[in-house]
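[1] this one's structure only:
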């Protein structure tokens, strides 16, 4: 599991372990929630095809799920183009080359983003036939990495899929994500602080991170290869409505945050609604966790004094 210490990677690892798989978490630094015995310090951004092949050979990897991202919790999302390209493009090419050196090649699941498609007209249902036209450097580098995986799979050099994730929500959000920032502000407001939340006039498709984990496991087990699949809820939610729902589950009044309408920088457009029918067809996957439950469990996992255990997803993942 490459990038298994991040928000999405953490939940994929939990789902793999819950169904009994042997998991090796590979990242630059171990996170507190990762047991030492299942962690390997390894920087994919500076690795060579040879060192990657050696790692995969020695660990006898049967599946590689790549959730590394140039925009991450440790380094932040405001990253220079060179840093994004090093992780999102160069490292993916090295990973593919490393897999190509192996006699027994593992299956590859590449975690991409819905922002690879770029802005679309409001009301558009984004399916996999929409031509990618990324509008940010981040999205462009993610698309380049996804394209490399798809081209390698279609040529027979690798066996694998790309999952393009909608906006993720749910327990243990990355502090750099919108849910993570919102959670921090709500905790401050609950402690009596006066906080202001900048809001964009936008609608997003939110998918619980544990449903993403189930989709990743299904992709690891599936027979399909060389395809990009959208992973989302299929519903567009106004950002203001998203905030109101979270305030409700946190037990705060609607005006607890001072909302300020501002143009908020985005990695994609102002409208996202995914068509997830291809993922259902090829993976037998559909989201199971509704937005209210996702927000409630995100709050319960983070509120002061909470010892709530996040419910696992592996029971829905299959084999």
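    Perfect, I can see it now. Just so we're clear, the structure is a prediction, and the values are computed from it rather than from any experiment.
[2] Contacts for stretch 41-51, please.
    Residues from elsewhere that reach stretch 41-51, judged by Cβ atoms under 8 Å, 6 or more residues apart in numbering: 2-3, 26-30, 52, 55, 68, 86-87, 90-91, 94-95, 97-98, 100-101. C-betas here are computed from N, CA, C, even on glycine.
[3] likewise stretch 138-146?
    69-71, 77, 79, 81, 84-85, 88-89, 91-92, 110, 112-113, 115-116, 118, 132, 134, 162, 164, 228, 267-268.
[4] In helices, which of these appear?
    Among those, DSSP state H puts 81, 84-85, 91-92 in helices.
[5] which among those end up buried?
    The neighbour count (16 or more other Cβ atoms under 10 Å) marks 84-85, 91-92 as buried among the ones in helices among the contacts of stretch 138-146.
[6] out of these, who's nearest residue 200?
    Among these, residue 84 lies closest to residue 200 (Cβ to Cβ), at 21.7 Å.
[7] any idea what sits nearest that closest one, other than its immediate chain neighbours?
    residue 70 (3.8 Å; Cβ to Cβ, 6 or more residues apart in numbering).
[8] Please apply the same query to residue 195.
    Distances taken as Cβ to Cβ, 6+ apart place residue 185 nearest to residue 195, at 4.7 Å, with adjacent residues excluded.
[9] helices or strands up against the helix or strand that that neighbour is a member of?
    Assigned by DSSP states H and E, residue 185 belongs to helix 178-190. Using 3 or more Cβ pairs under 8 Å, 6 or more residues apart in numbering; DSSP states H and E as the contact criterion, the elements in contact with helix 178-190 are strand 167-169, helix 239-249, helix 291-302.
[10] Buried deepest among the ones you listed, which one?
    strand 167-169 (a mean of 25; mean count of other Cβ atoms under 10 Å).
[11] got a list of contacts for that strand?
    Outside strand 167-169, the residues touching it (Cβ under 8 Å, 6+ apart) are 7-8, 114, 177-179, 204-209, 212, 232, 272, 291, 294-295, 298.
[12] One more pass at 7 Å, please.
    7-8, 179, 204-209, 212, 272, 294-295, 298 (Cβ atoms under 7 Å, 6 or more residues apart in numbering).
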